[in-house]
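> Here is my input; please provide its structure:
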Amino acid sequence: MAARKLPVTPTGPGDNEVLDSLCNQRVYIETYGCRYNFGDTAKLAEILRNNGNTLVDSEEDADVVIVNTCTVVGPTERRMLRRLSQLRDHNLYVTGCMPAVQREAIFAVCTPTIIPPDAIQEKYLNVRTVSGDGVGIVQVAQGCPGACTYCITRFARGPLRSFSLEEVRGQVRAFAERGTPEIQLTAQDVSAWGMDTGHTLADLLVDLDRIPGRHLLRVGMMNPKTVMRDIDALIAAFSGDHIFRFIHLPVQSGSDQILKRMGREYAVRDFEEIVSAFRKVFPDITLMTDMIVGFPGETEEDFTQSLDLIRKIRPNKVNVTRYSARPFTPLAAEKDYPDFVKKNRSRAMNTLSGQVYSELNRPLINRRVSITVTEQIRDGSVMARTPEYLGVVINENLPLGSEYQAILKRDRKYFFIGEREP
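Numbering: from 1, shown residues only. Model (predicted):
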């Protein structure tokens, strides 16, 4: 059955000028979803401050409440709508992915003012400042060139639009000059950067690596399909002094049959070859991947192939998502698995992944590592990162950006507890 057409939801009167009206007010921003959304919020905060607004920490203290929404899966959509309903009596503004694809659902529970994400990008070009400590977020592109059959985000964010090298470089330089220790490069598909402008991610990383400072760049999510277009140059670029040896490479399934149904446009073997190529040059590189379980038509054999791939590849982190039919996607009307099937597969995959983490982490206990402090977790505790982006919690108050040697003492699955060497 064909997917439903997107609803006609033209930009409302004044949507693109709405940010100009927010001046000298107390504003509370609540953000959901991916790092890209948090990047939008960071830019929005700079725009608001530039207009004389004050950012506050709760809706009770605010004249204006802004919710940056996510709708990537059904449970998140329902959570968004419940939260918007709770905030309906406030002077409410909504941005993010939901207004582009589910405006009617939003207006069924509240009557907010819409802030289009494009308006944030346009207004930010007049501000170009960065704030905050610890971790900075730099968006390198919006949208993606893919056609994944399950993804609603591609409708919300549109086709690939790479931000210029000059724009990205300027933001990275601003964070570096501020002393931000970790700068995250984010997009719907970071490795697609430049496909629309005749450049490659390798070009970008080589350029950014020349920016002086003690900062480190974390490259965000990359699609195996777009990684393959220039893999040798990309791997070489990861040797830069300012780049974490970390890749987030979602495979989504260990079955070629399911990958084809997903519209991913690569095979399992392609993913394996990419991982192998990176590990050949950087044996200790940290690998994060994503898996979707319970995809329409996923047989027990398909699911077993996904488990087998985890055993073979041994990633440091697996983000497991239960398939959720999204409106307007090609598979929206496909027969879905019962929740208990998806829950059982999710539990089995998380259990296996936990076993892999333990096997990978056990030999690292009592190892001496170099760390850079990137975040203050709370008073008396900081998060630090190794060059391979392993998280190390140190139970001390240490300056952001400071560098130490530490001993890994305890495994906490997704991070380690470490002790700083005197």
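> okay, CA-based contacts and neighbour counts for the rest of this
Will do.
> Buried residues, the longest strand seen in the chain. List them.
The longest strand of the chain (DSSP state E) is strand 368-378. Across strand 368-378, burial judged by 16 or more other C-alpha atoms under 10 Å covers 368, 369, 371, 372, 373, 374, 375, 376.
> and which of those residues is nearest residue 100?
Taking C-alpha to C-alpha as the measure, residue 375 is the one of those closest to residue 100, at 33.2 Å.
> ok, what's across the strand from that closest one?
residue 383 (DSSP bridges).
> and the gap between it and residue 183?
From residue 375 across to residue 183, the span is 12 Å (C-alpha to C-alpha, to the nearest Å).
> tell me, what's touching these two both at once?
Contact criterion C-alpha atoms under 8 Å, 6 or more residues apart in numbering; residues shared by residue 375 and residue 183: residue 135.
> Quick one: low-confidence residue ranges for the stretch 51-200 of the chain.
For the stretch 51-200 of the chain, no stretch is flagged by pLDDT under 70.
> for it, what spans make up the helices?
74-86, 98-101, 103-109, 117-124, 153-157, 165-178 (DSSP state H, counting those that start in this stretch).
> the strands in the stretch 201-350 of the chain, which residues?
Along the stretch 201-350 of the chain, counting by DSSP state E, counting those that start in this stretch, strands occupy 216-219, 246-248, 286-293, 317-322.
> Deepest-packed of these, please.
Of all these, strand 216-219 carries the top mean neighbour count, a mean of 24, counting by mean count of other C-alpha atoms under 10 Å.
> and that one, what other elements does it pack with?
strand 182-186, strand 246-248 (3 or more C-alpha pairs under 8 Å, 6 or more residues apart in numbering; DSSP states H and E).
> Who does the first one pair with, and is each partner parallel or antiparallel?
If you go by DSSP bridges, strand 182-186 pairs up with strand 135-139 (parallel), strand 216-219 (parallel).
> of all these, which lies closest to residue 255?
Across those, closest to residue 255 is strand 216-219 (C-alpha to C-alpha), at 26.3 Å.
> Pull the residues that contact that closest one.
Taking C-alpha under 8 Å, 6+ apart as the rule, strand 216-219 contacts 181-186, 190, 242-244, 246-248.
> a markdown table please, covering those residues and showing distance to residue 329.
Below are the contacts of strand 216-219 laid out as a markdown table (distance: C-alpha to C-alpha, whole Å):
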| residue | distance to residue 329 |
| --- | --- |
| 181 | 39 |
| 182 | 36 |
| 183 | 33 |
| 184 | 29 |
| 185 | 27 |
| 186 | 24 |
| 190 | 22 |
| 242 | 39 |
| 243 | 36 |
| 244 | 35 |
| 246 | 31 |
| 247 | 28 |
| 248 | 24 |
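> who wins for most neighbours among these?
residue 182 (29 neighbours; other C-alpha atoms under 10 Å).
> Same list (the helices and strands packed on strand 216-219) but as TSV, adding distance to residue 312.
As requested, the helices and strands packed on strand 216-219 are arranged in TSV below (distance: least, C-alpha to C-alpha, whole Å):
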stretch	distance to residue 312
strand 182-186	28
strand 246-248	17
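> Make a markdown table from the strands of the stretch 201-350 of the chain and add mean pLDDT to it.
A markdown table is the format used below for these (pLDDT from 0 to 100):
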| stretch | mean pLDDT |
| --- | --- |
| strand 216-219 | 98 |
| strand 246-248 | 98 |
| strand 286-293 | 98 |
| strand 317-322 | 98 |
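> count of neighbours near the residue nearest to residue 238 when sequence neighbours are not counted?
Excluding its sequence neighbours, the residue lying closest to residue 238 (C-alpha to C-alpha, 6 or more residues apart in numbering) is residue 245, at 6.7 Å. If you count neighbours by other C-alpha under 10 Å, residue 245 ends up with 25.
> Repeat that for residue 60.
11.
> ditto for the one 10 residues further on
Residue 70 has 22 neighbouring residues, counting by other C-alpha under 10 Å.
> pretty sure it is in contact with residue 99, am I right?
No. Contact criterion C-alpha atoms under 8 Å: residue 70 and residue 99 do not qualify, at 9.6 Å.
> Could you tell me which residues touch both of the two?
Contact with both residue 70 and residue 99 is made by no residue, according to C-alpha under 8 Å, 6+ apart.
> Please determine how far residue 46 is located from residue 19.
Taken as C-alpha to C-alpha, the span from residue 46 to residue 19 is 12 Å.
> Over to residue 277?
From residue 277 to residue 19 the distance is 46 Å (C-alpha to C-alpha).
> follow-up on the earlier one: okay, the buried residues of strand 368-378 in TSV with distance to residue 404 and pLDDT next?
Below are the buried residues of strand 368-378 laid out as TSV (distance: C-alpha to C-alpha, whole Å; pLDDT from 0 to 100):
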residue	distance to residue 404	pLDDT
368	10	98
369	8	98
371	5	98
372	7	98
373	8	97
374	12	97
375	14	96
376	16	95
